[in-house]
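> Provided below for reference: sequence and predicted model.
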Amino acid sequence: MSFTIKFSRRDLLRIVPAFLLCAFGIVLSVLYGFYDSIFWYAGLFILSFVTVTVKSDGSGHKLIRLLPDIIYPVLAAFFSVFFMQMINLAGHENTDGARWLYPFMYNDEPFRWVKEILIIIAFYFFLRMLCITRRFAAGFAPLPFMILGLVDYYVYSFRGHEVLFSDFLSWRTAANVAGAYSFPLLYPLAFIAAPYALYFIACLRLKNDRPVVKPWIRIVIFAVLTAGFLSCFAVSVYKWGEVNRPQDWNDNGSRINGFMLNFSLSVRTMFVSAPENYSTQALDDMVNQTGIDLSDTGSADDDSSNIIVIMNESFMDPRTYLYALGCYDDPTPYFNSLSDNTIHGYAASSVYGGNTPNSEFEFLTGITTGYMPNGAIPYIQYMKGQQYSLAWALKKLGYYTIAMHPYDSSGWNRTKVYPYLGFDKMMFIDDFDYDQSDLQRAGYMTDSQAYKNLITQLQQVPDGKKVFAFLVTIQNHGGYSKDLTNFETTNYVTQTYTGSDLSVNVYLSCLQESDNALRELLEYLSTQDEKYTVLMFGDHQPQLMKVFHNSFALGTNTSWTIPYIIWTNFDMNKDLQQQYEDDTVGITSINYLSLDVLKAAGVKLPAYYQLLSQIRKEVPCINSAGFYSTISGKFVNFEDATAADAPKILELYRFLQYDLVFDNNNSNFENQISSVIGN
């Protein structure tokens with residue numbers, strides 16, 4: 001192996017861009033990143049004008065020509081791993097003061113990199129199997145991983161957690177909302193484009209010696225190496241997943257698992273194992289012990305009310321954060337002032353800043369995503385057929401069921417899922433009545449116009465039918481930093497700790513409009529002779545653009561919390577009011593909200609909801625992070641929970657969930673409650 005340094009006028013076309021890229025990267029690395037990257041930039045610049053040639057003198061030294069296929073893939077792998085993770089760690093609050101990436105990343109697991117590089121080395125040998133030369137195989141090997149790192153950067157910027165496998169399954173939804181966001185270029189340019197361009201220039205200086213063996217032998221060897229490294233990586237991920245889980249909060253994916261391992265662990269969300277000791281017979285035995293008559297489908301008499309459920313996009317109670325935001329005006333005074341025939345509460349959402357359909361799923365099915373793999377999206381991954389739900393239960397009792405969402409129908413597989421869940425009718429933006437003045441920011445329909453369409457649907461319900469209307473709004477959707485059209489922003493704040501006054505003011509102004517729209521709707525319903533019960537709740541808190549990636553919420557626990565109200569245009573159920581007065585926990589979860597809305601509407605609970613009610617008494621709150629333990633008297637994270645924290649009925653809930661969502665062998669329990677499907 002020889003190294004040659006030579007300069008010519010033609011070399012300036014390569015060396016000058018390399019120097020500029022190196023200088024650019026070093027400056028920005030000092031300002032925003034980790035010092036490790038300085039060595040990468042400097043080293044790659046040196047390689048950009050050093051010619052590396054591998055030659056052998058005599059047949060006894062032919063094996064030296066194999067060295068590049070050992071060195072090049074390792075170089076590509078370490079380069080990819082470093083810059084993929086750096087872009088989502090540099091400048092973060094969690095890494096403030098940690099100026100060296102490698103010690104920070106591998107403090108708890110010094111040899112985790114051995115697992116991480118396997119997949120990239122496998123891709124290098126795959127390219128070699130396709131007869132791509134060494135230098136181009138080395139040059140292109142990092143490319144898909146650099147692109148994945150770029151996607152991860154943007155997903156984190158807009159949603160507050162790193163990219164997971166399920167994000168690619170929901171690419172249509174991502175494409176729908178991408179126009180609402182601004183795409184910053186500085187970080188990607190500094191930590192993805194610049195280093196990769198410099199790396200590729202360096203790879204072009206690698207020279208290729210003649211092959212050691214015949215082409216067909218090379219193909220076989222590289223195919224075996226590709227399969228071998230892929231197998232090692234798969235085994236490593238499997239073993240890693242036995243004691244680690246994919247992280248979907250903040251930048252924990254890169255910090256705790258490493259980006260590639262975290263993403264690979266999320267692939268495992270497609271494969272769900274049965275809970276320990278689970279069987280359909282065990283579930284049936286546990287259900288039988290509750291004494292609930294599974295044939296009881298509930299009842300709704302003439303006195304029962306119509307039901308309207310509004311899942312309001314990114315709706316939260318900002319009062320906790322107003323002073324921290326430099327704001328002293330409540331943007332939702334009407335919502336907070338409601339008292340007559342109104343119940344206020346707080347619920348734990350299982351998502352933050354995105355993944356709206358998980359909140360839909362939990363509300364409509366009563367099933368928590370808490371015992372599903374992190375990153376799972378049931379609408380996309382698990383729902384392949386009809387599923388028992390609130391819509392099916394109410395349909396059996398004579399309700400006309402309608403799902404409404406004033407946005408594109410391609411999002412989150414809803415066009416398939418809503419019929420699976422028992423809705424008679426579904427409406428998306430093309431089915432709504434509106435004009436351009438009703439669309440704000442990135443074409444998001446106002447709550448006011450959505451409610452007007454809802455009222456039209458209420459007026460068109462078939463004779464003799466009560467209605468269950470489920471409306472998912474869109475007005476408050478993320479993307480608060482774009483220039484505005486048809487939207488007047490109130491300057492609630494002048495300086496925020498997030499560093500983005502525009503984003504905060506746009507979001508709070510959206511809440512203000514939601515509040516005004518709610519007033520319009522409830523004032524209309526107050527004038528109606530028919531009875532109406534309204535539940536409005538937020539699907540999750542918003543993810544705002546920010547400096548140094550500070551969350552809009554002040555802490556992990558409050559970041560999961562969303563407000564809700566239950567309102568009736570008739571006297572509120574006294575037992576339900578007493579239930580809330582006696583509540584000592586102060587928070588429930590989205591999967592239980594159907595219980596309270598049914599009670600407020602005067603509907604006798606079907607067997608499934610009677611069972612859910614029993615579970616709630618012992619586990620009053622559960623989400624993707626953990627559950628409230630009545631035994632311990634506190635909220636317990638799943639990873640910290642012990643057998644002493646978990647009531648026995650929690651095992652029943654896990655069995656129930658697995659049976660309804662995953663198990664193809666139906667229990668008697670599922671057969672009984674699902675008898676209403678299709679009827």
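Arrived safely. Numbering: from 1, shown residues only.

> quick one: the strands in the stretch 301-450 of the chain?
Under the criterion DSSP state E, counting those that start in this stretch, the stretch 301-450 of the chain contains strands at 306-312, 342-348, 399-404, 425-427, 439-440, 444-445.

> chain center to the last one: distance?
Spelled out, that is strand 444-445. 22 Å (Cα atoms, centre = their mean, to the nearest Å).

> That one - contacts with which helices or strands?
Of the remaining helices and strands, none touches strand 444-445 by 3 or more Cβ pairs under 8 Å, 6 or more residues apart in numbering; DSSP states H and E. (Glycine included, C-beta is placed from N, CA and C.)

> And the helices in the stretch 451-600 of the chain?
501-526, 556-559, 574-582, 593-600 (DSSP state H, counting those that start in this stretch).

> tell me the mean pLDDT for the shortest one?
This means helix 556-559. For helix 556-559, mean pLDDT rounds to 61.

> One more: the third one?
On average, the pLDDT along helix 574-582 is 93.

> Excluding its own residues, what touches that helix? List them.
343, 345, 566, 596, 599-600 (Cβ atoms under 8 Å, 6 or more residues apart in numbering).

> who wins for most neighbours among these?
Ile566 (26 neighbours; other Cβ atoms under 10 Å).

> Distance of it relative to Thr473?
17 Å (Cβ to Cβ, to the nearest Å).

> and the strands of the stretch 301-450 of the chain as JSON lines, adding mean pLDDT and distance to Asp645?
Formatted as JSON lines, those follow (pLDDT from 0 to 100; distance: least, Cβ to Cβ, whole Å):
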{"stretch": "strand 306-312", "mean pLDDT": "97", "distance to Asp645": "30"}
{"stretch": "strand 342-348", "mean pLDDT": "94", "distance to Asp645": "16"}
{"stretch": "strand 399-404", "mean pLDDT": "96", "distance to Asp645": "37"}
{"stretch": "strand 425-427", "mean pLDDT": "95", "distance to Asp645": "40"}
{"stretch": "strand 439-440", "mean pLDDT": "86", "distance to Asp645": "45"}
{"stretch": "strand 444-445", "mean pLDDT": "90", "distance to Asp645": "42"}
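
> Give me whichever of these is most buried.
Of all the strands of the stretch 301-450 of the chain, strand 306-312 has the most neighbours on average by mean count of other Cβ atoms under 10 Å, namely a mean of 25.

> Check which strands are paired with that one and give the direction for each one.
Its sheet considered, strand 306-312 pairs with strand 466-472 (parallel), strand 532-538 (parallel) by DSSP bridges.

> want to try a markdown table for those strands, with distance to Trp40 as columns?
Converted to a markdown table, the strands paired with strand 306-312 look like this (distance: least, Cβ to Cβ, whole Å):
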| stretch | distance to Trp40 |
| --- | --- |
| strand 466-472 | 46 |
| strand 532-538 | 43 |
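
> what's the closest of the strands of the stretch 301-450 of the chain to Ala202?
With Cβ to Cβ, the closest approach to Ala202 among the strands of the stretch 301-450 of the chain belongs to strand 444-445: 45.9 Å.

> And stretch 129-146, end to end?
21 Å (Cα to Cα, to the nearest Å).

> I'm done for today, thanks for sticking with me.
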